[in-house]
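**Student:** this one's structure only:
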DNA sequence: CACCCTTTGTCCTGTGAGTGGAAAAAGTAG
DNA sequence: CTACTTTTTCCACTCACAGGACAAAGGGTG
């Protein structure tokens, strides 16, 4: 099948496409209930969408008491690619136009190898998904990278953990290689969009999405839209000072949140504790694995190891203090915690909640849920699909 | 003259009214250059606005090389009232429809006397402005109060420094008394709107406006619009922890920014220093006045008093650290410092800048101006006029 | 002053978007 | 089969708006 190239011709069509994306197949009548257009106008626009093959007829809907309606759905052959590039691994997934994941691959990887090597791997993963029959091609791709991005151009800017990526034209290069439109954003923003589309944040307009992985970042959603800041670095909370005169950080300052709690910091602290024989559990894991990671700490904590629990609590407290400040400032309707360390589970969440509920005023915290993300490792790729679909489902 | 009751009938008219407000009297041709409407359509809408008397003809414009155009301006009889209620004083001003201040009164006051007493005073101040011939009545009023507001209803919610105001229907009550539409907002948001309209932030879409007065607050502007948060308490940065285990704060926590630096904290610290004879300058001022305020500290600092300078630097450092965190998080295009303590001037600003430029990453600070507000005590009242004019100059 | 060019304001008509009513088509309930 | 719903199509009508033609009003030049 040839790829879709059509785009909605006006705001009405864009609106309809998004309704079909978010609500699944619907009848014309159901659509009419949601858009405030006359029946005639609606019929015209739907017919035009059918002509472009962006949507297709899909059998009869159930009766609502009278004549049965013809269902409409987004073209089931549409395929989006979601790519979530982390510091040490990459996720690639294919979705249909309703952003349901049809196939998902995760592979270890090192961003420091540079954009050329990484995209070679990404392309081969995409090819693998194609080969398994999930897609014949892609209609669009959304890419997340672990650093700030000049959003309109899709170019990383001064990313601290991605030397060699600065200024690399990710959007243009991938668009060439994949032969479809591409959008690039910070991985944290993608996670926020994922949780907004299919996760815990479906009903909230203003929320924060804190991702704790190798580093720490925060997606900011204002009125349903991701806020990226003046230079694309909004949400970069890893280098907020959490501990006065604390540990030295790679950025040159001391006491950055990221230096005290993150996947990397946790691994380092756990290794230290194991070497000092503070924890038999961690020491034995270090011996058998050679190294320790956040996963080991999580396992040790689950086994009841006091040192591991302390590390998590301590980190959660630091993180919670910073989040408390952000909550006072931003007054969100929801705080989502996600990323690799969510495996630390309730211990971490409890520590964060304690600090936020204690450190912010009741008016801001009174009705503020602080929850773990629902989507785990799929949040990023769903967010990627969402990003590109938002782009494609807007007037040309 | 009877008050204006008309409102723009559509988005085009609203757009034109705002252009006339922000750009002053213009010719039809100049308006046409800015709005992308056909000449015919523009003429129709302008004629309708003339019919409603929202705008009036205003002589001939200078020639641009051909036939001279007729000037159009907002009705010069329109009057807006801007009210900025602080903790210890209140500002009331009348503006014309272009938001130019025609008259401005400041009086000492105590918010703790409650809404009834305060509004009695405000109404008498408004009456005084009327009596001086500046206005025959008001077409709208924008009110700023020093605490969080449920914006759509214009009702303060749980304001810490305004006991007795919680739940008081400010908007409705004042609308009755003044006989015109009223909008109510946090005083900090009003200051931000003022600086955006007529001050340093005219060209910036995303910025922060930090107001340091009796307390500390921060106006947040996203894409040109004030962001108020889920419960209207966004920007409440006074109770972010600035010093671990620091001074006890009225809110029950320790180390809040507001407990370490604000008009109130500064007065307290200065008094303490004077009593301990750390500063002859401050001590002599304490003796002659009976009390010390931020103004005394400013004067002492200007006279070169080391203790006063230290107090300011110390406070500026604390504030700067908190702002550094907000800059990392929000990545604004500008930070404006305003409020009562701007009298502390360059010493304060230098301390804040040092902390922000050191404590945030270069990508966020690289092109980030940190400046004092331009409008001083008029920012709030101009913001109030702007608030209500935005409301009135939008489609009914 | 005559002449030409530019800008501004007005008038008028064509076009296309959109509305809402009528009626046909396709059901359900009894 | 009949009465009532809901869905869909068709059509005439309204309205916003663009854009051209033209008149009015100015400036510059010889």
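**Tutor:** Noted; the coordinates are in hand. Quick caveat, the model's predicted, so the values are computed rather than measured.
**Student:** just the helices in the stretch 201-350 of chain A please.
**Tutor:** A:257-260, A:263-275, A:280-289, A:294-302, A:306-330, A:345-359 (DSSP state H, counting those that start in this stretch).
**Student:** can you tell if the longest one touches chain B?
**Tutor:** Yes: among the residues of helix A:306-330, A:321, A:322, A:324, A:325, A:326, A:328, A:329, A:330 lie within reach of chain B under Cβ under 8 Å from any Cβ of the partner chain. Bear in mind the C-beta positions are built from the backbone N, C-alpha and C, glycine included.
**Student:** tell me how far residue A:189 lies from residue A:149.
**Tutor:** Relative to residue A:149, residue A:189 is positioned 8 Å away (Cβ to Cβ, to the nearest Å).
**Student:** so which residue of the stretch 1-150 of chain A comes closest to DNA strand D?
**Tutor:** residue A:66 (1.9 Å; Cβ to the nearest atom of the strand).
**Student:** give me the neighbour count for that residue.
**Tutor:** Number of residues near residue A:66 (other Cβ atoms under 10 Å in any protein chain shown) recorded here: 7.
**Student:** hang on, residue A:140 packs against residue A:181?
**Tutor:** Yes: Residue A:140 is in contact with residue A:181 according to Cβ atoms under 8 Å; the separation is 4.8 Å.
**Student:** higher neighbour count, those two?
**Tutor:** The neighbour comparison of residue A:140 against residue A:181 (other Cβ under 10 Å) goes to residue A:140, with 26 against 18.
**Student:** quick revisit: now flag whichever of the residues of helix A:306-330 next to chain B is closest to residue B:31.
**Tutor:** Proximity of the residues of helix A:306-330 next to chain B to residue B:31 was ranked by Cβ to Cβ; the top entry is residue A:330 with 38.1 Å.
**Student:** which residues touch that closest one?
**Tutor:** A:206, A:208, A:220, B:220, B:229, B:234, B:329 (Cβ atoms under 8 Å, 6 or more residues apart in numbering or on different chains).
**Student:** if I look at the first one, how far off is residue A:152?
**Tutor:** Remark: distance between residue A:206 and residue A:152 (Cβ to Cβ) = 23 Å.
**Student:** can you check the fourth one too?
**Tutor:** Distance of residue B:220 to residue A:152, given as Cβ to Cβ: 23 Å.
**Student:** more neighbours, the two?
**Tutor:** residue B:220 (26 against 10).
**Student:** who's in contact with the more buried one?
**Tutor:** Contacts of residue B:220 by Cβ under 8 Å, 6+ apart are A:329, A:330, B:192, B:208, B:209, B:226, B:227, B:234, B:235, B:330.
**Student:** which one is it nearest to, not counting chain neighbours?
**Tutor:** residue B:227 (4.4 Å; Cβ to Cβ, 6 or more residues apart in numbering or on different chains).
**Student:** and for residue A:29?
**Tutor:** residue A:69 (5.0 Å).
**Student:** hmm, the one you found is touching residue A:32, no?
**Tutor:** No: Residue A:69 is beyond contact range of residue A:32, at 9.7 Å (criterion: Cβ under 8 Å).
**Student:** tell me how many other residues crowd residue A:319.
**Tutor:** Residues within reach of residue A:319, counting by other Cβ under 10 Å, total 26.
**Student:** and what of the one 5 residues further on?
**Tutor:** Number of residues near residue A:324 (other Cβ under 10 Å) recorded here: 25.
**Student:** gap between it and residue A:210?
**Tutor:** 12 Å.
**Student:** check contacts around residue A:196.
**Tutor:** Taking Cβ under 8 Å, 6+ apart as the contact definition, residue A:196 lies against A:202, A:204, A:207, A:221, A:224, A:386.
**Student:** quick one: what helix or strand has the nearest residue in space to residue A:394 that is not next to it in sequence in it?
**Tutor:** Distances taken as Cβ to Cβ, 6+ apart place residue A:14 nearest to residue A:394, at 5.1 Å, with adjacent residues excluded. For residue A:14, the element it lies in under DSSP states H and E is helix A:11-23.
**Student:** counting contacts, what elements does that helix pack onto?
**Tutor:** helix A:28-35, helix A:39-52, strand A:55-60, strand A:70-74 (3 or more Cβ pairs under 8 Å, 6 or more residues apart in numbering or on different chains; DSSP states H and E).
**Student:** mind running it again at 7 Å?
**Tutor:** In terms of contacts (3 or more Cβ pairs under 7 Å, 6 or more residues apart in numbering or on different chains; DSSP states H and E), helix A:11-23 is packed against helix A:28-35, helix A:39-52, strand A:70-74.
**Student:** burial count for the nearest residue in space to residue A:91 that is not next to it in sequence?
**Tutor:** Once flanking residues are discounted, residue A:91 sits nearest to residue A:84: 4.2 Å by Cβ to Cβ, 6+ apart. Neighbour count for residue A:84, taken as other Cβ under 10 Å: 27.
**Student:** so is residue A:84 in a helix, a strand, or just coil?
**Tutor:** Here residue A:84 takes the strand state, with states given by DSSP: H, G, I helix; E, B strand; the rest coil.
**Student:** so it bridges to which residues?
**Tutor:** Per DSSP bridges, the residues bridged to residue A:84 are residue A:91, residue A:144.
**Student:** what sits against it?
**Tutor:** A:90, A:91, A:144, A:187, A:190, A:380, A:381, A:384 (Cβ atoms under 7 Å, 6 or more residues apart in numbering or on different chains).
**Student:** repeat that with 8 Å
**Tutor:** Contacts of residue A:84 by Cβ under 8 Å, 6+ apart are A:90, A:91, A:92, A:144, A:187, A:190, A:377, A:380, A:381, A:383, A:384.
**Student:** among the residues you listed, which one has the lowest pLDDT?
**Tutor:** Within those, residue A:377 has the lowest pLDDT, namely 92.
**Student:** number of nearby residues for it?
**Tutor:** Residues lying near residue A:377 (other Cβ under 10 Å) number 19.
**Student:** these two touch, right, it and residue A:106?
**Tutor:** Yes: assessed by Cβ under 8 Å, residue A:377 is found in contact with residue A:106 at 6.6 Å.
**Student:** what touches both of those two?
**Tutor:** Shared contacts of residue A:377 and residue A:106, counting by Cβ under 8 Å, 6+ apart, come down to residue A:91.
**Student:** can you list contacts of the least confident helix or strand in chain A by mean pLDDT?
**Tutor:** Sorted by mean pLDDT, DSSP states H and E, the helices and strands of chain A end with helix A:280-289, the least confident at a mean of 83. By Cβ under 8 Å, 6+ apart, the residues outside helix A:280-289 that reach it are A:270-271, A:273-275, A:277, A:292, A:296-297, A:299-300, A:303, A:305, A:307-308.
**Student:** domain assignment for chain A?
**Tutor:** A:11-74, A:80-196+A:378-392, A:202-372 (automatic domain parsing).
**Student:** residue B:356: which of those is closest?
**Tutor:** Checking these against residue B:356 by Cβ to Cβ gives domain A:202-372 as the closest, at 11.6 Å.
**Student:** how far off centre is that closest one?
**Tutor:** 17 Å (Cα atoms, centre = their mean, to the nearest Å).
**Student:** and it, how far apart are its ends?
**Tutor:** In domain A:202-372, first residue to last residue: 14 Å (Cα to Cα, to the nearest Å).
**Student:** now swap in stretch A:93-113 and tell me
**Tutor:** 22 Å.
**Student:** cool, thanks, signing off.
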